[in-house]
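Undergrad: Here is my input, please return the structure:
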Amino acid sequence: QAEAIARSEGGTLQGMLVAAYALFLHRLTGTGDLVLGIPVSDRPEGFENVAGLFLNTLPLRLGFDGTETGAGLLGRVREGMAELLSHADLPLSRIVEAVKPERHQGRTPLLHSVLDWREAATGDGLPVELFPLPVATAPFDLAASLAKEAGGDIVGGLIYDSTLLDEATVAAWSRSFVLLFEGLVEGPEPLPDLAALLEDALAKHAALPALEYGGDVITYGALAEQARCDESGPVAIIATDDPVRRVMDALAALRAGHILALIDPALPEARQARMRGILDAVPDGADGAYVQFTSGSTGTPKAALLGREGLANLIRTIGRDLSIQPGSRVLQLAAPAFDAWVWEVFTTLGSGGTLVLADREDLQAGPPLAATLRDRRISHATITPSALSALGSADFPDLKTVVAAGEPLPASLAGLWAPGRRLFNAYGPC
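TA: Numbering: from 1, shown residues only. Here you go, the predicted structure:
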């Protein structure tokens with residue numbers, strides 16, 4: 001499939017892999033100017049009967065500004081590769097000599113990384129057997145070595161400097177590169193409509209428990225009937241301290257196409273008033289899913305409007321990545337002032353899981369939260385590392401997925417909590 005797409009764009013499978021690897025490095029490093037080394041094999045005229053490997057590495061420079069499309073990037077790589085092949089007999093040392101780049105001891109000058117590409121030998125009826133060779137040194141922090149086998153499979157991996165990178169990190173990067181390449185091949189998934197996604201989940205799981213609070217259970221079907229919105233303005237402000245009512249009103253707002261705005265009644269009244277003043281200024285016709293306020297550490301809370309497509313994509317992708325499904329019991333732990341509240345509530349309700357609600361005092365770090373996790377048989381929780389640490393023991397047999405967020409996750413704490421469950425380090429804004 002990848003080869004067919006490359007040909008349809010006038011390129012090659014190698015070019016498509018180069019494009020994917022360059023985009024991968026751009027996203028990994030954030031640099032907008034990359035120089036990749038592309039090994040080329042070209043036997044000069046007059047050397048047809050000379051034994052030996054005629055191999056040269058040539059620089060391919062690619063720039064990124066965040067507006068690239070897959071087809072556009074493939075086109076630039078195709079043009080760049082054609083230019084390279086027209087200079088296949090120009091030694092890299094001559095190019096380095098002319099450019100005079102900054103040099104670093106132990107590193108190949110000019111090039112940021114290399115993608116080595118090979119195809120299985122065919123023809124002449126000769127038997128061929130591959131012998132992988134150990135890599136003694138890594139001339140780059142990171143490089144890729146890929147090959148196409150006779151059966152069409154692409155094999156290979158990343159070569160890295162073990163003094164700078166560890167095996168687990170590079171293994172995770174390898175998976176990311178594969179996902180990115182698959183995305184280029186298959187194309188982006190169409191973004192779902194937010195209201196349609198929520199309506200589909202409510203109908204599909206009508207008989208299943210959607211909310212659990214104390215001894216009360218509300219099914220998806222009952223939630224669909226009760227979550228109705230009568231707001232007339234563009235923004236639905238929700239400031240209740242009732243955890244069940246808060247979820248119902250928030251769901252109703254999104255179903256009706258309103259912009260959701262959560263105000264925690266525990267916040268100081270002056271801050272609540274400033275937030276309401278900002279929300280009152282939202283004009284009719286404004287389009288978005290929800291308003292997220294900053295912490296107000298500068299004295300005045302600032303608001304950001306998040307889009308409906310973004311929230312729909314979050315529900316679909318995070319629900320899938322965390323394996324939230326019917327039978328999952330997700331704790332609603334975050335206060336409504338934080339974006340994690342939206343994460344917890346709507347990834348659960350959009351995936352058919354059960355959202356477990358509790359009173360504030362039962363969610364306090366330490367013994368109260370530990371008792372809630374055990375007694376309510378929580379399977380999924382998003383929690384700060386400091387709250388994880390305050391739990392003391394990691395002995396929670398029902399807790400299969402933990403998302404550590406809001407603070408840096410110490411390696412020692414990750415080592416305690418990772419065994420026997422999936423632990424996601426989600427530090428940083430989502």
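Undergrad: which intervals of the stretch 51-200 of the chain have sub-threshold pLDDT?
TA: The stretch 51-200 of the chain contains residues with pLDDT under 70 at 106, 120-126, 128, 130, 132, 135-136.
Undergrad: mind checking the longest helix of this structure?
TA: Longest helix of the chain, by residue count under DSSP state H: helix 167-186.
Undergrad: if we look at that helix, which residues are touching it?
TA: Residues from elsewhere that reach helix 167-186, judged by Cβ atoms under 8 Å, 6 or more residues apart in numbering: 1-2, 5, 16-17, 19-21, 23-24, 27-28, 70, 142, 144, 157-158, 160. C-beta here means a position set from N, CA and C on the backbone, and glycine is covered the same way.
Undergrad: If any of the residues you listed are buried, give me the ChimeraX selection for them.
TA: Restricted to buried positions by 16 or more other Cβ atoms under 10 Å, the ChimeraX selection for the contacts of helix 167-186 reads:
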select :2,5,16,17,19,20,21,23,24,70,142,144,158,160
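Undergrad: Return the subset of the contacts of helix 167-186 lying in helices.
TA: Reading helices off the contacts of helix 167-186 with DSSP H, I get 2, 5, 16-17, 19-21, 23-24, 27-28, 70.
Undergrad: next one: the longest helix of the chain to chain centre, how far?
TA: Put simply, helix 167-186 sits 11 Å off its chain's centre (Cα atoms, centre = their mean, to the nearest Å).
Undergrad: Same question for stretch 408-427.
TA: 18 Å.
Undergrad: Also stretch 67-87?
TA: 26 Å.
Undergrad: So what touches that stretch?
TA: For stretch 67-87, contacts defined as Cβ under 8 Å, 6+ apart pick out 6, 9-12, 14-16, 18-19, 22-23, 38, 40, 42, 58, 60-62, 184, 187.
Undergrad: Can you say which helix or strand has the nearest residue in space to A206 that is not next to it in sequence in it?
TA: Of all residues not flanking A206 in the chain, G221 sits nearest, at 3.6 Å (Cβ to Cβ, 6 or more residues apart in numbering). Following DSSP states H and E, one finds G221 within helix 220-226.
Undergrad: And H104, how close does it get to A172?
TA: H104 is 26 Å from A172, where distance means Cβ to Cβ, to the nearest Å.
Undergrad: ditto for K148
TA: 24 Å.
Undergrad: Compare the two and say which is more crowded by neighbours.
TA: K148 (19 against 10; other Cβ atoms under 10 Å).
Undergrad: tell me the contacts of the residue nearest to P410 when sequence neighbours are not counted?
TA: Nearest residue to P410, sequence neighbours excluded (Cβ to Cβ, 6+ apart): P385, at 6.6 Å. Contact analysis of P385 by Cβ under 8 Å, 6+ apart lists 404, 406-410, 413.
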